[in-house]
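Peer 1: After the sequence you'll find the predicted model.
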Amino acid sequence: MISQALEEDGQHILRVEVGYISSGGPSGRQPKTLRKFYRFNVSSPMDIKALAKRGGGDASIFVSISATNSTKDIHTIHEIEFQPPFGLIGEMVDLSKKSSSSDQTFSKTTDLYDTSGILDPGATRRFLFLVKASSQDALLRGIAVGDELGHAIISWKKAMGESGRIASATVFCPPSEVLDKDDDFVVHNSGLSVDVAAVAAKKSSTHSSMNKNDLDSILPVTVEPIDPPTYMTLYKPQEINLLVVNHSERSINLQLQMRLDQMKGVQICGNSFQNLGEVRPSGGSCVVPIKIIAFQNGLFKLRGCVVYDLDSGREIIQPNLFDIFVK
């Protein structure tokens, strides 16, 4: 028995060739062949769509998989898994877990139906996976735009027990959303620094020319907060560390500026301008401590971060660094 995974819908042709030796006759035993062609149609029982969303950190991505029953028959999904390439792992995010085992004893009929995996004609089920780095190299590099994340495989059964497996298209890491000019964007957990580093490294290896619209041209230097706080207390200063990375191919004499006129709710406490000196090219970095203080209750973004090139006079305006809730 020979099995072959089919990856495309539509008409297929199975070609069978049989070799045999005829016996008897004036010509004696001679090898002969017999060929047969079988035409058949392949249709996908499910329409699978994938959506990748950054926000789990530099080395993790959320992937949403939706499966829609595109047939007139009832299918039952009995297994779904996400298979990433080497260096990554895919874990399902199960939001339906009960707080205690006693809750399962008194489940409603609708709860039992929802967990059965039954997919009526035209119905859709959605599954959420967290794809993250598992090897040390992947953790250090992070997951950059265009990186392969893997694909989902769904196993299903029909009413009479017929089984099948179907795979989604390969999912790739989406770009960070900083170029959308969205004021809600924050650097923390966005993967922006990883994307800039990947673009700069690709240009360096291929000796590509510079383009002013490329990510590493817009942000040759990035500033990323290291484990920033989620909450702050009113009028209580708190120190955080900022990682400044030079992605360009030349050393830059930098100054970090935290501009008070652009801040709201949370302000800088202490020196707002700090000279960083020469920062090495192609991934050279330094860690800069700053202190911030909150003057209002509410949800705010740390704004006003600018990196200033002391030699050329260029201002590299950074996106919002992170969200913080002031209690």
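Peer 2: Here it is on my side, so go on.
Peer 1: from what I can see residue 194 touches residue 140, true?
Peer 2: No - between residue 194 and residue 140 there is no contact under C-beta atoms under 8 Å: 10.5 Å. The C-beta positions use only the backbone N, C-alpha and C, and glycine is treated the same way.
Peer 1: Secondary structure element for the residue at minimal distance from the centre of the chain, which one?
Peer 2: Residue closest to the mean C-alpha point of the chain, counted by C-alpha atoms, centre = their mean, is residue 61 at 3.3 Å. Under the criterion of DSSP states H and E, residue 61 resides in strand 60-69.
Peer 1: Show me what that strand packs onto, helices and strands only.
Peer 2: Applying 3 or more C-beta pairs under 8 Å, 6 or more residues apart in numbering; DSSP states H and E, one finds that strand 60-69 contacts strand 46-54, strand 75-83, strand 124-133, strand 148-157.
Peer 1: and the last one, what other elements does it pack with?
Peer 2: Packing partners of strand 148-157 (3+ C-beta pairs under 8 Å, 6+ apart): strand 46-54, strand 60-69, strand 75-83, strand 88-92, strand 124-133, strand 163-167, strand 171-172.
Peer 1: The stretch 101-250 of the chain: helices as residue ranges?
Peer 2: Taking DSSP state H, counting those that start in this stretch as the test, the helices found in the stretch 101-250 of the chain are 102-105, 109-114, 136-141, 192-206, 215-218.
Peer 1: how close does residue 218 get to residue 308?
Peer 2: For residue 218, the distance to residue 308 equals 16 Å [C-beta to C-beta, to the nearest Å].
Peer 1: hmm, back to that, show me the contacts for the closest residue in space to the residue nearest to the centre of the chain that isn't next to it in sequence.
Peer 2: The shortest distance from residue 61 to any non-neighbouring residue, by C-beta to C-beta, 6 or more residues apart in numbering, is to residue 131 (5.0 Å). Going by C-beta atoms under 8 Å, 6 or more residues apart in numbering, residue 131 touches 60-63, 82, 84, 88-91, 143, 149-150.
Peer 1: Give me the more crowded residue out of residue 218 and residue 308.
Peer 2: Using other C-beta atoms under 10 Å, the more surrounded residue of residue 218 and residue 308 is residue 308, with 20 against 14.
Peer 1: To residue 165, which of the helices and strands packed on strand 60-69 lies closest?
Peer 2: Taking C-beta to C-beta, strand 148-157 is the member of the helices and strands packed on strand 60-69 nearest to residue 165, at 5.1 Å.
Peer 1: Report the contact partners of the residue nearest to residue 318 when sequence neighbours are not counted.
Peer 2: Of all residues beyond its chain neighbours, the one nearest residue 318 is residue 305 (4.2 Å), with distances taken as C-beta to C-beta, 6+ apart. Residue 305 makes contact with 223, 242, 256-259, 317-318, 321, according to C-beta under 8 Å, 6+ apart.
Peer 1: Would you mind giving the domain segments of the chain?
Peer 2: The record's domain parsing of the chain by automatic domain parsing lists 10-42, 46-172, 178-326.
Peer 1: and among these, the most buried is which?
Peer 2: Counting by mean count of other C-beta atoms under 10 Å, domain 178-326 has the highest mean neighbour count of those, with a mean of 16.
Peer 1: got a list of contacts for stretch 5-22?
Peer 2: 29-44, 167.
Peer 1: So for it, mean pLDDT?
Peer 2: Stretch 5-22 shows a mean pLDDT of 87.
Peer 1: quick one: that stretch to chain centroid distance?
Peer 2: How far stretch 5-22 lies from its chain's middle: 38 Å, per C-alpha atoms, centre = their mean, to the nearest Å.
Peer 1: Now do residue 5: how many residues are near it, please.
Peer 2: Residue 5, neighbours per other C-beta under 10 Å, totals 7.
Peer 1: how close does it sit to residue 153?
Peer 2: Relative to residue 153, residue 5 is positioned 10 Å away (C-beta to C-beta).
Peer 1: Mind listing the shared neighbours of these two?
Peer 2: Shared contacts of residue 5 and residue 153, counting by C-beta under 8 Å, 6+ apart, come down to residue 167.
Peer 1: Looking at the contacts of residue 305, spot the one nearest residue 186.
Peer 2: For these, the nearest to residue 186 is residue 321 (6.5 Å; C-beta to C-beta).
Peer 1: list the contacts for the residue nearest to the closest one when sequence neighbours are not counted?
Peer 2: Nearest-residue entry for residue 321: residue 302, 4.3 Å, with adjacent residues in sequence omitted and distances by C-beta to C-beta, 6+ apart. Residues in contact with residue 302 (C-beta under 8 Å, 6+ apart) are 225, 228, 263, 266, 292, 320-322, 324.
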